[in-house]
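> A predicted structure for the sequence below; I have some questions about it.
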Amino acid sequence: MNTRARKVMIIGTGNVGASAAYALLNQNIAEELILVDLNRDRVEGHVQDLADAAAYMPGMMHITSRDAADCADVDIAVITVSGGPLKPGQTRLDELQNTARIVKNIVPQMMENGFNGIFLIATNPCDIITWQVWKLSGLPRSQVIGTGVWLDTTRLRRALAQTLDIGAQSIDAFILGEHGDTQFPVWSHSSVYGSPIADVWKRRTGQNIDFDGLAESVRKHGFEIYARKGCTEYGIAGTIAEICRNIFTGSHRALAISCVLDGEYGVSDVAIGVPAVLTQSGVQQIIELQLEADEVAKFNHSVSVIKQNISRLP
């Protein structure tokens, strides 16, 4: 029996980091949560508050704080640091410079101090920072992943489920590409138990599905939340928890996450959202889909945008 405690380090305890810690706690996904933040008062406040919540859990979970460099025993390091909130009219790509400078300071320290776990990137712009962490860490690409388009995929399935009156878990539909403006649904592979999504939609509603309208609605969903409350936190926290759970359980489940490609989809040296099978060692394999011509063009455009922004890294 494996009795070693599963340890997750969350680097950055703003809205996303704190919500992720609470999601991991409530779903009992790890035995120890380690919080890291330059704001010592805030991080200690979160530790004490989460410890109160942990007292109601059936098991025992340790909530602690450390410096990021004290990481040799950590299984999954979740990076949620941010360079600051978006201003009106900005996109996720506008967060690149400030966030990348913080990451450039943290990751080398962790590697110098023996980190050999899995990095999970949950900050923006997700794909570019995932690539940056991979380069800075020197770890195999299987150990550096981003939350990517899994939250976007979940939003798409939820939108379809509401109209079709079918549980989202029964809908096989997902997003590929950048976690940003160039993402796109893969309609050619979207179905409900093998029945094409367009056919199911037509039978249920009597109308043709508005592919472009639905894709745009899903793409803008996060920004609509941001405009109303000033942040998005619970959805991405659930995404982080689900990815961590699938890693720890070695589920071999395929999720649409940000992975570094090395020839898959005819692309190399870029991180982008694709279906990938997760095990306890990280990404076991990347699923290559046979895309239609217009989907190939959209994917390649997304790759181009990500690579252009990789070249902007400080």
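Yep, it's here.
> Tally up the residues packed near residue 275, please.
22 (other Cβ atoms under 10 Å). All C-beta spots, glycine's among them, are computed from the backbone N, C-alpha and C.
> Please settle this for me: is it part of a strand?
Yes. Assessed by DSSP: H, G, I helix; E, B strand; the rest coil, residue 275 belongs to a strand.
> so it touches residue 255, yeah?
Yes. Judged on Cβ atoms under 8 Å, residue 275 makes contact with residue 255 at a distance of 7.1 Å.
> What's the first helix or strand after the helix or strand where residue 216 lies?
According to DSSP states H and E, residue 216 maps onto helix 211-229. Going down the chain from helix 211-229, the next helix or strand is helix 234-248, by DSSP H and E.
> helices or strands next to the helix or strand following that following helix in the packing?
For helix 234-248, the following helix or strand on the C-terminal side (DSSP H and E) is strand 254-262. Judged by 3 or more Cβ pairs under 8 Å, 6 or more residues apart in numbering; DSSP states H and E, strand 254-262 is in contact with helix 126-137, strand 144-146, helix 150-164, helix 234-248, strand 268-279, strand 282-286.
> Could you single out the most deeply buried of those?
strand 144-146 (a mean of 29; mean count of other Cβ atoms under 10 Å).
> tell me which element the residue lying closest to residue 240 once chain neighbours are set aside falls in.
Distance criterion Cβ to Cβ, 6 or more residues apart in numbering; nearest residue to residue 240, sequence neighbours excluded, is residue 20 at 4.3 Å. Using DSSP H and E, residue 20 sits within helix 15-26.
> which residues are contacting that helix?
8, 10-11, 13, 30, 33, 35, 37, 46, 50, 53-54, 57, 61, 63, 78, 80, 82, 122-123, 231-234, 236-238, 240-241, 244 (Cβ atoms under 8 Å, 6 or more residues apart in numbering).
> Buried only: go through those residues for me.
By neighbour count, with 16 or more other Cβ atoms under 10 Å, these hold 8, 10-11, 13, 30, 33, 35, 37, 46, 50, 54, 61, 63, 78, 80, 82, 122-123, 231-233, 236-238, 240-241, 244 as buried.
> In the protein, what helix or strand scores lowest on average pLDDT?
Least confident helix or strand, the chain: helix 211-229 with a mean of 92, by mean pLDDT, DSSP states H and E.
> next one: that one to chain centre, how far?
17 Å (Cα atoms, centre = their mean, to the nearest Å).
> If you count contacts, what does that helix end up packed against?
helix 150-164, strand 184-185.
> Can you redo those as a markdown table, where the extra columns are distance to residue 101 and mean pLDDT?
A markdown table is the format used below for these (distance: least, Cβ to Cβ, whole Å; pLDDT from 0 to 100):
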| stretch | distance to residue 101 | mean pLDDT |
| --- | --- | --- |
| helix 150-164 | 25 | 96 |
| strand 184-185 | 30 | 97 |
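> Among those, which comes closest to residue 270?
Among these, the nearest to residue 270 by Cβ to Cβ is strand 184-185 (16.2 Å).
> Within the sheet, what are the partner strands of that closest one, with directions?
If you go by DSSP bridges, strand 184-185 pairs up with strand 175-176 (antiparallel).
> What are the contacting residues of the partner strand?
149, 152-153, 156, 183-186, 218, 256, 272-274, 289, 295, 298-299, 302.
> Please name the residues that touch the nearest residue to residue 157 once chain neighbours are set aside.
Once flanking residues are discounted, residue 157 sits nearest to residue 168: 4.2 Å by Cβ to Cβ, 6+ apart. Residues in contact with residue 168, defined by Cβ under 8 Å, 6+ apart, are 154, 157, 158, 160, 161.
> circling back to that earlier point, can I get the helices and strands packed on strand 254-262 in CSV including distance to residue 178?
Listed next are these as CSV, based on distance: least, Cβ to Cβ, whole Å:
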stretch, distance to residue 178
helix 126-137, 6
strand 144-146, 10
helix 150-164, 10
helix 234-248, 16
strand 268-279, 6
strand 282-286, 16
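> what about stretch 58-76, how long is it end to end?
For stretch 58-76, the first-to-last residue distance is 23 Å (Cα to Cα, to the nearest Å).
> Mind listing what's buried along that stretch?
Along stretch 58-76, the positions that meet the burial threshold by neighbour count (16+ other Cβ under 10 Å) are 61, 63, 65, 68, 69, 70, 71, 74, 75, 76.
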